[in-house]
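Undergrad: Below is the sequence, then the predicted model.
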Amino acid sequence: NAGVMQNPRHLVRRRGQEARLRCSPMKGHSHVYWYRQLPEEGLKFMVYLQKENIIDESGMPKERFSAEFPKEGPSILRIQQVVRGDSAAYFCASSPGLAGAGRTDTQYFGPGTRLTVL
Amino acid sequence: DQQVKQNSPSLSVQEGRISILNCDYTNSMFDYFLWYKKYPAEGPTFLISISSIKDKNEDGRFTVFLNKSAKHLSLHIVPSQPGDSAVYFCAASADDNTGKLIFGQGTTLQVKP
């Protein structure tokens, strides 16, 4: 009965490198959300995905950031050409889907990936 | 534009007493509210939620109250325990088929033995 899994837990990259963050949702969950937490701030929504579909990416920076949730395998958040301002904790959450009348169910979070850009 | 606000960055309470954490929101489209608890270096853990059709929801030591007219909700923890010491986040979502959560900045609760 594993929860949401994220790896790696810690990731160090130099400026200009690529960062790939992985998220495996809870068993039976088909909805994945990515959030970012900067130091001393709350979590900020980035993107909402279902299998093979991006539903809402209104919180994603327009450049360098992308996300996918393939039919098989984990969801991936990819950051190209990282800059120091990308240093943050990135959290993935999953939910089973719609609880009725368009209401999305409670989201359960993974432990996060802490990205440090040198 | 901070749509969900937790105006108290920190709260200190004696063990056994009541902890009251507050949250205000501005978006009248929000209709589902959640509280999460977060320890350092861990992900947020879901605590309790409330739909806008209710004004109170209780789960053990945790009770959430919702005042829609004031756009205010609060989390009551009674009795408080040292293990409750953590950062508490209030979150809200609108019924817009996205389910994305809008978080407050968090309140750090310290429960002293």
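TA: Received it, and whenever you're ready, just let me know what you need. Numbering: from 1, shown residues only, chains lettered A, B, ... in the order given.

Undergrad: use CA for all of it now, contacts and neighbours both
TA: OK.

Undergrad: Now residue A:86: phi and psi?
TA: Backbone geometry at residue A:86, expressed as degrees, to the nearest 10, gives phi -80, psi -10.

Undergrad: swap that for residue B:28, sorry
TA: For residue B:28, the backbone dihedrals are phi -70, psi -10 (criterion: degrees, to the nearest 10).

Undergrad: what sits against the nearest residue to residue A:7 once chain neighbours are set aside?
TA: Sequence neighbours aside, residue A:22 is the residue nearest to residue A:7 in space, at 5.4 Å (criterion: C-alpha to C-alpha, 6 or more residues apart in numbering or on different chains). Taking C-alpha atoms under 8 Å, 6 or more residues apart in numbering or on different chains as the criterion, residue A:22 is in contact with A:6, A:7, A:8, A:74, A:75, A:76, A:77.

Undergrad: likewise residue A:72?
TA: With contacts taken as C-alpha under 8 Å, 6+ apart, residue A:72 has no neighbouring residues.

Undergrad: So residue B:84 sits against residue B:108, correct?
TA: No: with the criterion set as C-alpha atoms under 8 Å, residue B:84 and residue B:108 do not qualify as a contacting pair; they are 10.2 Å apart.

Undergrad: Quick check, pLDDT for residue 102.
TA: You didn't say which chain, so I picked chain A. The confidence metric pLDDT takes the value 47 at residue A:102.

Undergrad: You answered for a different chain; I wanted chain B.
TA: In this prediction residue B:102 is given a pLDDT of 94.

Undergrad: Show me what from chain B comes close to chain A.
TA: For chain B, the residues in contact with chain A (C-alpha under 8 Å from any C-alpha of the partner chain) are B:41-46, B:89, B:95-106.

Undergrad: how about 7 Å then?
TA: Taking C-alpha under 7 Å from any C-alpha of the partner chain as the criterion, the neighbours of chain A within chain B are B:42-46, B:95, B:97-106.

Undergrad: If you rank those by neighbours, which is first?
TA: Most neighbours among these, by other C-alpha atoms under 10 Å in any protein chain shown: residue B:106, with 30 neighbours.
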